[in-house]
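[1] need coordinates for the following:
(chains A, B, C and D)
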There are 2 protein chains.
Amino acid sequence: MSSLTHAIEIYINDLLNEAASESMLSIRRKELAQTFGCVPSQINYVLSSRFTQEQGYIVESQRGGHGYIRIEKIKQNTTEDKLNHLEKAVGETISWQDVRKNLSILQKREIITTRERLLIEVALRHCDELGESLFGISSHKREGIQAELLKRMLRSIVLA
Amino acid sequence: MSSLTHAIEIYINDLLNEAASESMLSIRRKELAQTFGCVPSQINYVLSSRFTQEQGYIVESQRGGHGYIRIEKIKQNTTEDKLNHLEKAVGETISWQDVRKNLSILQKREIITTRERLLIEVALRHCDELGESLFGISSHKREGIQAELLKRMLRSIVLA
DNA sequence: TTTTTTATTGACTATTTTTGACCTTTTGAT
DNA sequence: ATCAAAAGGTCAAAAATAGTCAATAAAAAA
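    Numbering: from 1, shown residues only, chains lettered A, B, ... in the order given. Predicted coordinates for the structure are as follows:
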């Protein structure tokens, strides 16, 4: 392990934990690289492999003078359960009917809002249309694609 | 250690907020520049990067003796306005950069929530990945598809 | 051992901020 | 009417950051 990447990952996590400020922190890419004696782009690698949205982080940055990289942890690990549950509920493929049914349930349980439900439905339909009209993918394959997108979307907000 | 630009941005916002006068204020470019010990054109930079119409402000000015710069924070009114605004902001195609920027602005203006922003980002990325890896669509065309999806999603929640 | 995945680097690119030289508009005095 | 002074505007260069991508190298899996 050791690896530079891992060390940097730990370093950032430490900062995030001790930062009283709502587990959010700001760094200078160059500085961080210097403290670890590596090239700056190494930091990008760490961020894109260890601090992705899927993993519960939001990363924003700005170039130019006084540039920065801001990392925010948006996940409380106790939501793991919900996640697993969702994964199983959605499964590998899912029909449009089922999608509607599931979303309806989630909404009633106030796990997602009406607006969020709309967003999800719009996205799924759009994807489906593309798959069908533009590329004529089979219905079954489209369902797989939709299931994947649905899972990703649900994950992203359950973690938030 | 924030940038000059950011400091000036905050200063102006403070003035706008405490100004009882309908969140509108008038400044002298030269004076403000002097307050911050910078060249006057720095003020133009701040205005054009932080107080654009997109971001909800109207800026008017006049040269010559008794010149001034007036800054007004405008409220978002009807749904129609929001929609038109969105349509224009997104346009026909949109880069990932611009997507992030736009969503960030919408979130700051509280037109969408963090969760909604996450949902949208995930959906767009998913669509993009599909387009690229599965069907090898050109980058430009993918941007068009993304713009369409983005507009649909935003429309759906603005109208909700 | 061979293959596949993950890390490391660096050359090249892109964005943002800061500064300054030069331009335009408005007012007011003569 | 003219001109000088007093604003504000534009634009492009320079400086300060961050991002991308592809070639290697190292580690893990098969």
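[2] pLDDT of the helix or strand encompassing A:Ser61, averaged?
    Secondary structure assigned from DSSP states H and E places A:Ser61 in strand A:57-62. Mean pLDDT, computed over strand A:57-62, is 95.
[3] what sits against A:Cys54?
    One thing to correct before we go on: residue A:54 is Glu, not Cys. Going by Cβ atoms under 8 Å, 6 or more residues apart in numbering or on different chains, A:Glu54 touches A:Arg152, A:Arg155, A:Ser156, A:Leu159. C-betas here are computed from N, CA, C, even on glycine.
[4] close to chain B, is the host helix or strand of the third one?
    A:Ser156 belongs to helix A:139-159 when assigned by DSSP H and E. Yes - part of helix A:139-159 sits close enough to chain B to count as contact by Cβ under 8 Å from any Cβ of the partner chain, namely A:Ile145, A:Glu148, A:Leu149, A:Arg152, A:Met153, A:Arg155, A:Ser156, A:Ile157.
[5] mind checking how far that helix is from the chain centre?
    The chain centre lies 13 Å from the centre of helix A:139-159; the measure is Cα atoms, centre = their mean, to the nearest Å.
[6] tell me what it is packed against?
    Helix A:139-159 sits against helix A:80-90, helix A:96-108, helix A:114-129, helix B:114-129, with contacts defined as 3 or more Cβ pairs under 8 Å, 6 or more residues apart in numbering or on different chains; DSSP states H and E.
[7] which of those sits closest to DNA strand D?
    Smallest distance to DNA strand D across the helices and strands packed on helix A:139-159 (Cβ to the nearest atom of the strand): 12.1 Å, for helix B:114-129.
[8] quick revisit: I'd like the contacts of A:Glu54 as CSV, with pLDDT appended.
    Converted to CSV, those look like this (pLDDT from 0 to 100):
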residue, pLDDT
A:Arg152, 86
A:Arg155, 81
A:Ser156, 84
A:Leu159, 71
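[9] and the residues you listed, which two are furthest apart?
    Using Cβ to Cβ, the pair of the contacts of A:Glu54 lying farthest apart is A:Arg152 and A:Leu159, separated by 10.9 Å.
[10] the two: who's more crowded?
    Neighbour totals were compared for A:Arg152 and A:Leu159, and A:Leu159 leads with 22 against 18 (other Cβ atoms under 10 Å in any protein chain shown).
[11] hmm, the more buried one is touching A:Ile58, no?
    No - judged on Cβ atoms under 8 Å, A:Leu159 makes no contact with A:Ile58 at a distance of 10.1 Å.
[12] what touches both of those two?
    Joint contacts of A:Leu159 and A:Ile58 (Cβ under 8 Å, 6+ apart) are A:Ile74.
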